[in-house]
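[1] turn this into a model:
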Amino acid sequence: MSYSWDSEEHINWVLQLATRLRVNGVDVVLDRWDTDLGSDLSLFMERAADTSYRIIAVATETYVKKADSAEGGVGYERKMVTPSLMADLRGNRVVPILRDNPAGRIPRFLGAARFVDFRDNPYVESAYFELLQDLHGVEPTPRPPLGRNPFLAIKHDDARQTVREDPARYVQPAFSERVVFNYDNNDGRYVIGAADRSFTISFHTAGYGAIHVTSDPSDIASIALAPHVSRPEEIGDAGSYDASSRVRTAHVGDAILLRNRNEHWAVVFVEEVYVRDTGPTGEPQVVFSYVIPAVRSSDFTDQ
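    Purely as a prediction, here's the structure:
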């Protein structure tokens, strides 16, 4: 872990993060553990040049300033790591995480590298989970299997209609998004998320401003209604809501809580519902947004 000694509080924060990562199977190298009194600190920092290591760069304002101006230990580590980065411009060896950094800047030598945001205090669990996934090589958004080529599987003249009616049209693999869906199509079913964080939402008409949602799809374990909820943090514990019914009727401004067979949770916020001829397109339509937490937890407080 590469960091600047901003304060005793910050040094202890880094120690706490490194400890948690080790508990979760990441073999962290940290100066607090890997140097003793009298140790050659420059030799320790030169380990950053070893391409068998990945580097977590804790990018505080002080860290960024020192890296950009080549000051102190941070500047020395930058000197050590830059040649290997230049040799592998597509690599991901350095993982910047933001901390005490209101402007959200990362050192110039890292270019436009993707970072993880740890600026909240305490940091949100989804940020830690994202970092842990990356360090263990787990894809945050799993790649779907390759499907068949419709132009080889069927007659060319039928391909356009087949593609148009393909259920894959009604899939949004992102873990948070806003969706506009004509619930007359695809039997009212729309899939959100991916892999074990995938949920099939089954919509059915309930009149203007309302929509039925059922637990009929095989990947859904339970559904519950959270009336007058528009943000994840308003939910609290999703497991405390009644999930005894197969059908829930949500009105605009309500939320639906879904639990899938893999024990993941999702919250779906109903923003607009139209029946035929009442909406902007003249079609039955539901507009919803959703959030699927990264961890298997019913606690939405930090989402």
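
[2] for this structure, give me the ranges with low pLDDT.
    36-51, 73, 75-76, 78-91, 153-163, 302-303 (pLDDT under 70).

[3] where do the helices sit along it?
    Here the chain has its helices, by DSSP state H, at 8-23, 31-34, 41-45, 61-69, 72-87, 125-135, 150-153, 156-164.

[4] residues contacting the fourth one, please?
    Here helix 61-69 makes contact (CB atoms under 8 Å, 6 or more residues apart in numbering) with 2-4, 6, 57, 71-72, 74-75, 78, 100-103, 105-109. Every residue, glycine included, has its C-beta placed from N, CA and C.

[5] quick one: which of the residues you listed sit in strands?
    residue 57 (DSSP state E).

[6] quick one, which of the contacts of helix 61-69 are buried?
    Buried members of those, counted by 16 or more other CB atoms under 10 Å: 2-4, 6, 57, 74-75, 78, 100-101, 105-107, 109.

[7] in TSV, list the residues you listed along with distance to residue 180.
    Output for the buried ones among the contacts of helix 61-69, formatted as TSV (distance: CB to CB, whole Å):
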residue	distance to residue 180
2	44
3	44
4	46
6	46
57	40
74	47
75	50
78	46
100	39
101	36
105	36
106	35
107	40
109	42
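
[8] how much space separates residue 271 from residue 277?
    20 Å (CB to CB, to the nearest Å).

[9] higher neighbour count, those two?
    Shown here are residue 271 and residue 277; by other CB atoms under 10 Å, residue 271 has more neighbours (15 against 9).

[10] quick check: closest non-adjacent residue to the more buried one.
    Closest residue to residue 271 in three dimensions, ignoring its sequence neighbours and counting by CB to CB, 6 or more residues apart in numbering: residue 287, at 4.6 Å.

[11] distance-wise, check that neighbour relative to residue 190.
    Distance from residue 287 to residue 190, by CB to CB: 12 Å.

[12] contact partners for residue 185?
    Applying CB under 8 Å, 6+ apart, the residues contacting residue 185 are residue 170.

[13] show me what contacts residue 184?
    283-284.

[14] got the phi and psi for it?
    Dihedral angles of residue 184 (phi, psi; degrees, to the nearest 10) stand at phi -80, psi -20.

[15] how close does it get to residue 263?
    Taking CB to CB, one finds residue 184 at 32 Å from residue 263.

[16] of the buried ones among the contacts of helix 61-69, which is the nearest to residue 30?
    residue 3 (9.0 Å; CB to CB).
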